[in-house]
Structure formats: structure tokens, C-alpha cells
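Enquirer: okay, predicted coordinates and the sequence, questions at the end:
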Amino acid sequence: MDAKIYRSKKILPFFLAPAFILMFVYLYYPFVQNILNSFMHIKYIGTSGGEWNQPFFENYVKMFRDPKMGIALKNTLIMIFWTIVGQVGIALVLALLVTNIKKGRGFFRTVFFFPIVISATALGLLFNLVFLYDKGMVNQVLQFMGILDVSTNELIDWKSAHPIFTMMLPVVWQYVGFYFVILLTGLSGIPSELYEAAMIDGATRLQLVRYITLPLLRNSICTCIVLAVTGALKVFDLPWTMFVNGMSNTWLTGTYMYSKVYTDVDYASAIAVVIVILGVVLSFAVNHVFKQKDDYAV
């Protein structure tokens, strides 16, 4: 009798209904409503859209003429590049190094993953102190090393002179461990017999990585890059904590959208739609470049 209950498909909708209801209420309905809001006139948050924009695509035309939106898109593209190179690239190197360690692998996995559990807001405040103009850690270290003149109290205003670098460094640093764990898990799924057979044939370590590790790790790398690209498009909390209101032209699509939420809701909704479209397009592009296959799942 019990076995027949598990074979029956009629009871499945009963268990799936709560999940579908939650997804509809908190995902699909807000997404569709946000698209509609981008075509309506809604000035302040909490007010309903009373009429359609004239023309209805006014907000999307406005984005092409908005210099701050141009800055946000440019900085976001820079962020995407550095998240791929910095986060995924460094994570791949670390994973390749750690996978050759026989003992203590768990220690490195924990240490490298630790930054991801820190609140982005707390991390932003921490790096604000690190790059502080006066008495900041970076300036003190540079003075101690003699790079900056101590006698004249030479200092670097990092947030004004190098705003993009100052903002992107903690973003890259925080998520390296996340991709490191994904890639290390993928590496653990590659059979050691492949490496042993290749070494018997005289393959060097570099050849092992190039012809065995990277091809078999393709799907894991693709997953990491997709996550990095979509994460860079919507990153908000850490940059906003460090550069409130886009100081020194540090706008990103996520921070610029948030700045418009309380005073220009329909325009913020249009920016959100563009972020989603960019995320989908870039995700498809990454998948096409890497051409994910099921020839070997790691």
C-alpha cells in the first residue's frame, strides 16, 4: 500500500502548489508589475500608476540621454570584466594550487570562503577605514615603506583619486572564495586516473592543466562566469556603503536604480528591466562561448 502512494502522481500538485504560489507572489507577479511600471507615470514610491507615459517608452528613451546612466553602464561593464578576471580567475588559480595539497585542504577552503559570510555593509565600512584619506591603513603602510613622504605628511585620497579601484577591490575580494569552493568541488570530480595516465605518457603539469583540467572543468567555469556577470549587474550594498549617491562618478546600474526608487519609480523600474535584459543576454553569450556540454559533468 505504501509503495503505491509513492508511485501515484496525483498527489504531486498538492506538494508543489505552495512553492508555485510563493514563486508567483514574490517573483513572477512583481517582475511583470515592474515591467508595467516602467511604462507608467509613478513619481514617488508607494503611489500607484495612474496613467501611461506619453509615449509609453519615454523612460527607455530617457536612459539614452541620461549621462549618469551612461556612467553606470560603463562602470558596470568594467565591474563585469574585473569580476571575471579577478573573482573567477583568482579563484581558479587558488583551486588549482589547493587541489595539489594533500593535507590542510579544508583549512584553505574555510579561510578563502570566510569573506563571503561577512555582511557587505560591514565590509564596505571596513574598506572605508582601510582607504581612509587621513590615518587610513593603506596610507600608513605606504608612509612606513617610504613610498609616501612622512615629513610632509603626504597622503593619497584613494576614494577621490582612484574611486573605481577603491570600490572594485573589496567586491572582487569578497567573492573569490565563493567561486573557489565551486571550482574546487569541480576539480574533486575529475578522476585521478586521467592524470596518472597522462603523466605516464610524459605530460608536464602545465599540459595536465591545459589538456585535462580546464576542458573537464569547462561547465564549472561557465557557471562561475554566469554568476559573476549577473552578480556584477545587480551588485548594490557594498558599493553603496562606500560611495553613497555615486560619489566621484562611481554609479553602477544597481546603485543608480536604487537612487531613483524614492523619487522616480517608473524610471527606476525601467533601469531594473534593462538590468534583467543585460543579465539574460550576457548569460546566453557566456553559455554560447563556453558551449556547455554533458560530455563530462564536474
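Expert: Sure thing, it's come through. Since the structure is predicted, the reported quantities are computational estimates derived from the model, not experimental observations.
Enquirer: make it CA atoms for all contacts and neighbour counts henceforth
Expert: OK.
Enquirer: give me every residue that touches I212.
Expert: Going by C-alpha atoms under 8 Å, 6 or more residues apart in numbering, I212 touches 194-195.
Enquirer: tell me the secondary structure at it.
Expert: Under DSSP: H, G, I helix; E, B strand; the rest coil, the three-state class of I212 is helix.
Enquirer: confirm for me that K159 is in contact with L129.
Expert: No. Between K159 and L129 no contact is recorded; they are 11.0 Å apart, counting by C-alpha atoms under 8 Å.
Enquirer: mind listing what V235 touches?
Expert: Residues near V235 by C-alpha under 8 Å, 6+ apart: 252, 254-255.
Enquirer: between K159 and L129, which has more neighbouring residues?
Expert: Neighbours were counted for K159 and for L129 using other C-alpha atoms under 10 Å; K159 has more, 20 against 16.
Enquirer: spatially nearest residue to that one, not counting backbone neighbours?
Expert: Here the nearest residue to K159 in space, its sequence neighbours aside, is T166; by C-alpha to C-alpha, 6 or more residues apart in numbering that works out to 6.2 Å.
Enquirer: who's in contact with the one you found?
Expert: T166 is in contact with 131, 158-159, counting by C-alpha under 8 Å, 6+ apart.
Enquirer: now those residues in a markdown table, with secondary structure and pLDDT?
Expert: Converted to a markdown table, the contacts of T166 look like this (DSSP: H, G, I helix; E, B strand; the rest coil; pLDDT from 0 to 100):
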| residue | secondary structure | pLDDT |
| --- | --- | --- |
| F131 | coil | 90 |
| W158 | helix | 89 |
| K159 | helix | 87 |
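Enquirer: let me know the next secondary structure element after the helix or strand where I221 lies.
Expert: Secondary structure assigned from DSSP states H and E places I221 in helix 218-234. Downstream of helix 218-234, the first helix or strand assigned by DSSP H and E is helix 237-242.
Enquirer: want to throw the contacts of V235 into CSV with distance to D66, pLDDT and secondary structure?
Expert: What follows is the contacts of V235, written out as CSV (distance: C-alpha to C-alpha, whole Å; pLDDT from 0 to 100; DSSP: H, G, I helix; E, B strand; the rest coil):
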residue, distance to D66, pLDDT, secondary structure
L252, 13, 93, coil
G254, 15, 91, helix
T255, 15, 92, helix
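Enquirer: put the buried members of those residues into a ChimeraX selection.
Expert: Under the burial definition 16 or more other C-alpha atoms under 10 Å, those of the contacts of V235 that qualify are selected in ChimeraX by:
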select :252,254,255
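Enquirer: quick one, grab the pLDDT at Q292.
Expert: At Q292 the predicted local confidence, pLDDT, stands at 54.
Enquirer: and for I118?
Expert: 87.
Enquirer: ditto for D237
Expert: At D237, the predicted lDDT confidence score is 88.
Enquirer: quick check: it vs T253, distance?
Expert: 12 Å (C-alpha to C-alpha, to the nearest Å).
Enquirer: show me which of the two is the more surrounded one.
Expert: Relative neighbour count places T253 above the other of D237 and T253, with 27 against 17, counting by other C-alpha under 10 Å.
Enquirer: wait, I80 sits on A228?
Expert: Yes. With contact defined as C-alpha under 8 Å, I80 reaches A228; the gap is 7.1 Å.
Enquirer: so between the two, which is more surrounded?
Expert: For I80 versus A228, the count of surrounding residues by other C-alpha under 10 Å is larger for A228: 24 against 20.
Enquirer: give me the pLDDT for the more buried one.
Expert: You'll see A228 listed with a pLDDT of 92.
Enquirer: again, but for M79
Expert: Reading off the per-residue confidence, M79 sits at a pLDDT of 92.
Enquirer: name the SS class of it, please.
Expert: Each residue gets one of three states, and M79 gets helix by three-state DSSP.
Enquirer: can you offset everything so residue one is 7?
Expert: Sure, I'll start numbering at 7, so the last one becomes M85.
Enquirer: neighbours of S125, how many?
Expert: 12.
Enquirer: N225 too?
Expert: Close neighbours of N225, defined as other C-alpha under 10 Å, add up to 23.
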